[in-house]
Each structure stands twice: as structure tokens, then as C-alpha cells.
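K.L.:
kindly return the folded structure for what I paste below:
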Amino acid sequence: MSKLNLKKIPSRANIQELRSILRSHAANLQSLRKSLADARAIAEKKAMDSVSQISMTAEERRVFAKRQADSLVAQQRKGAKETAEKLARDLATARNVLELGKGIYDNPFAALDAATLGSARRATYMQNLASAGPMALKNAAERAASLGDAELAAAVIAVVSGMPTDKRPFHPAAVLDIFPEEHEVFAPMVEFEEAEAALADGLSLYGEVVNGTTNPTARIERALRDREAAAGDEGGDE
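P.N.:
Residues are numbered from 1 along each chain as shown. Down below sits the predicted model:
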């Protein structure tokens, strides 16, 4: 029998740390991309200023300045690519770690289960609901939603999921349909999603820095996320 190849699932703290690192890397790559976009104009101005006092014809000055600007831009691009390559190694590691979290942090059932696993209240609820009828289960699901009771919601889902499919009074997913999306048990899912978004930003910006090409779709997505984040910050200040 072959040995099990088990890989460690990242903890919530791991995801939070990754999110912070990935946001920082994306910001650094954004800065590099902007500096490269502005590099030509800045280098040409700097080169023209440096040759303005040299005695030569206007054409000679223009050619000399262009060569100097080309050299400055090349140096800046080389440095930017080297920095981007170093950050890319972290991006690759982060992508592998986040891949291990799929099915755990992007699944509301798993999030609710993980948050209530081992809870004595959940176990008690399950015992009380084990022989409950359809109406009692429905009332329990609605009560869980109205109170934001994660243990009760998890218990209802567990009991209904354990029933034969043709005997279930409703689909287990119906419990989550009415349960508050903003509940704390789903916070790890939000953090995971934010980490994935920061990774996507970092990867697209890395491509722009290294290849000098722009991904319009990725840029629009970044702009929308920035706008949503700004709107959220304004709302929090009220």
C-alpha cells in the first residue's frame, strides 16, 4: 500500500499573512509598472538637462540625449525586472498555498462546519433534532438564520444531510441561503477571496512589468476592486 501524500491545509492565520504579503507585493509591482511607464519621459528630460550646457548642435544634442535616455531606461527596466522576479517567487509559493485551501476556505459548508466543529452546543442541537419532523427542522433553520446561530445552522445541515435524499424536507443548501452572509464564520472565506484577488493582481502586474504588455481585463478588475475598497473605507468612516 502506498503512503498517503498528505499536505498541510493553511490555517486562517496563514491566509491572513498571505493576504498581507500579496497586497504588499501587488502594490510594489504597481509602483514598478508606473515607474516604467514614466521612465522614458523622465529619462529624456534628465538627459536633455544634462547636455543643455554642452557646446554642440541641436541635432547632436538630441542624438546624445536620446542615447543617454535609452541607457537610463534600460537600466531601470533591468532593475525593475530583477525586483519583479524576486517577488514572483513569493507569488508562486502563495499560489501553491492557496491551492491547498480550496474546498475549505471557498466553501460555505466547510466554513460553517470548521467554525462549529467540536462545539457542545452543536452536538446538543443535533441530538435534539435527530428525530425532528420536517416542520421542526424548517423552524430550526429559520431560527438559526434569524439569530445568526452558527451551531444551530450547522446542526440542521448535518441532520438533513444525513437523511435519505428522498426524505429530506429541504436541501441542506437552503439553510445557507437564508443564513446571514456577513456572519463571522464566513470571515475566513472573505479573507481567502481577498488573498486570491491580491495574487491575481500580483500575477497580472508581474506580467506587465516583465513583458511590458497590459492585460486590459486584469486592469479593469483591479480598478473595480480598488473602487469597492475605497467605497468600503468611506462607509466605515461614517
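K.L.:
packing partners for whichever strand or helix holds Ala88?
P.N.:
Assessed by DSSP states H and E, Ala88 sits inside helix 58-101. Under the contact criterion of 3 or more Cβ pairs under 8 Å, 6 or more residues apart in numbering; DSSP states H and E, helix 58-101 touches helix 12-51, helix 187-211. Bear in mind the C-beta positions are built from the backbone N, C-alpha and C, glycine included.
K.L.:
which residues touch the nearest residue to Ala65 once chain neighbours are set aside?
P.N.:
Excluding the flanking residues, the one nearest Ala65 by Cβ to Cβ, 6 or more residues apart in numbering is Ala47, at 4.0 Å. Counting by Cβ atoms under 8 Å, 6 or more residues apart in numbering, Ala47 makes contact with Phe64, Ala65, Lys66, Gln68, Ala69, Leu72.
K.L.:
assign the residue lying farthest from the centre of the chain to helix, strand or coil.
P.N.:
Centroid-distance maximum for the chain: Ser55 at 56.0 Å, with Cα atoms, centre = their mean. Secondary structure, DSSP: H, G, I helix; E, B strand; the rest coil: Ser55 is coil.
K.L.:
kindly list the main-chain dihedrals of it?
P.N.:
phi -80, psi 110 (degrees, to the nearest 10).
K.L.:
pLDDT below threshold where in the protein?
P.N.:
Counting by pLDDT under 70, the ranges of the chain that qualify are 1-7, 213-238.
K.L.:
what is the burial count for the nearest residue to Tyr105 once chain neighbours are set aside?
P.N.:
Sequence neighbours aside, Phe192 is the residue nearest to Tyr105 in space, at 3.5 Å (criterion: Cβ to Cβ, 6+ apart). Each residue near Phe192 was counted by other Cβ atoms under 10 Å, and the total is 24.
K.L.:
what's near enough to touch Phe192?
P.N.:
Ile15, Leu98, Gly101, Tyr105, Asp106.
K.L.:
how many neighbouring residues does the third one have?
P.N.:
So that's Gly101. Applying other Cβ under 10 Å, we find 23 residues neighbouring Gly101.
K.L.:
circling back: tell me the helix or strand right after the helix holding Ala88.
P.N.:
Sequence-wise, the next helix or strand downstream of helix 58-101 (DSSP H and E) is helix 108-116.
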